[in-house]
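Enquirer: Quick one: sequence plus predicted model below, questions after.
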Amino acid sequence: MKLTRLDDKEAVATHAAHAVAEAIAATSAPFHLALAGGTTPERCHRLLAPLVSDWSHVHLWISDERAVGPEDPDSNWKMVRESLVSAITIPAENLHRPLGEAGADVAATGYDAEIRAVVPAGDGGLPRFDLIMAGMGPDGHTLSLFPGHAEVDLTDVLVASLHDSPKPPPDRITFTLPLVYAAPRVMLLVAGADKADALSRVLAGPDRATPASLLDGAGTLEVVADAAAAPA
Ligand code: 6PG
């Protein structure tokens, strides 16, 4: 695990935007980028848009979504569209969103299949995203993997549905940990004093009660945190 500690949320978003832009610019091969929900990722997207001159080889996905349509205020994809897609030129076929309006179960099954069909498999045989972005809630949840919920332990699907999210809305779609572990790079953006307790548990090592701590299962996690979340 690598920790980068910065002054504030704006610095976290800026650092992440530049890191993502550099990774995209470093290759002309298809680059599969899984974006995250949350206000820190949203700011990151806005800063990222002008940093990348060529998006034609980039495929955008979302690691966590609510089972709602793309126009719903709860839709993470709506946020992605408004904060990033609307500001860039990218082929429509490079945009990959779960069909939340079809319900969580159908959306998760369909997204799982789309990922398997489009994202090339890595050495372990699972689709290998080039970079997976994630956020964290004050309870230590990440993606839509919540403490004490069964999705944390799933190994037979790449994308899970849930109907009992403790944070509304209850119906959601989320990447599972095996998909996270197949990626060479996972970036967790954390800002705010309300995340300090959960972040200290993440930094202490794997703990099933703090799902964000499990993101580092393959040793690929980069945590970018502000000073309020990561006191010295
Ligand atoms: C959700 C949110 C949530 C978010 C964290 C961090 O699905 O309910 O997206 O998981 O990622 O609360 O968000 P901030 O970046 O806004 O702190």
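Expert: Arrived safely.
Enquirer: buried stuff in the longest helix seen in the chain?
Expert: Longest helix in the chain, counting residues (DSSP state H): helix 9-25. Within helix 9-25, the residues that qualify as buried are 9, 11-17, 19-21, 23-24, counting by 16 or more other Cβ atoms under 10 Å. Where you see a C-beta, it was placed from the backbone N, CA and C, and this is true even at glycine.
Enquirer: List just the nearest of those to the ligand.
Expert: Nearest to the ligand, judged by Cβ to the nearest ligand atom, of the buried residues of helix 9-25 is Lys9 at 7.9 Å.
Enquirer: Make sure the closest one is actually in contact with Glu42.
Expert: No - counting by Cβ atoms under 8 Å, Lys9 sits too far from Glu42 to count as a contact (10.8 Å).
Enquirer: send the alpha carbons of the longest helix of the chain over as CSV?
Expert: Presented in CSV, the C-alpha positions along helix 9-25 are these (Å, rounded to 0.1, in the frame of the first residue of the first chain):
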residue,chain,number,x,y,z
LYS,A,9,-9.6,17.7,-0.7
GLU,A,10,-8.7,19.9,-3.7
ALA,A,11,-5.1,18.6,-3.5
VAL,A,12,-6.3,15.0,-3.4
ALA,A,13,-8.5,15.5,-6.5
THR,A,14,-5.6,17.4,-8.3
HIS,A,15,-3.1,14.7,-7.5
ALA,A,16,-5.4,11.9,-8.6
ALA,A,17,-6.3,13.8,-11.8
HIS,A,18,-2.6,14.1,-12.8
ALA,A,19,-1.9,10.5,-11.9
VAL,A,20,-4.7,9.3,-14.1
ALA,A,21,-3.8,11.6,-16.9
GLU,A,22,-0.2,10.4,-16.8
ALA,A,23,-1.3,6.7,-16.9
ILE,A,24,-3.6,7.4,-19.9
ALA,A,25,-0.8,9.3,-21.8
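Enquirer: can you tell me if whichever helix or strand comes after it touches the ligand.
Expert: Using DSSP states H and E, the helix or strand that follows helix 9-25 in sequence is strand 31-35. No - Strand 31-35 is not in contact with the ligand by Cβ under 6 Å from any ligand atom; minimum separation 10.8 Å.
Enquirer: Which stretches in the protein count as strands?
Expert: With strands called from DSSP state E, the chain shows them at 2-6, 31-35, 58-62, 64-66, 131-135, 159-162, 172-175, 186-190, 221-226.
Enquirer: any idea which of the ones you listed is most buried?
Expert: The highest mean neighbour count among the strands of the chain, using mean count of other Cβ atoms under 10 Å, belongs to strand 172-175: a mean of 30.
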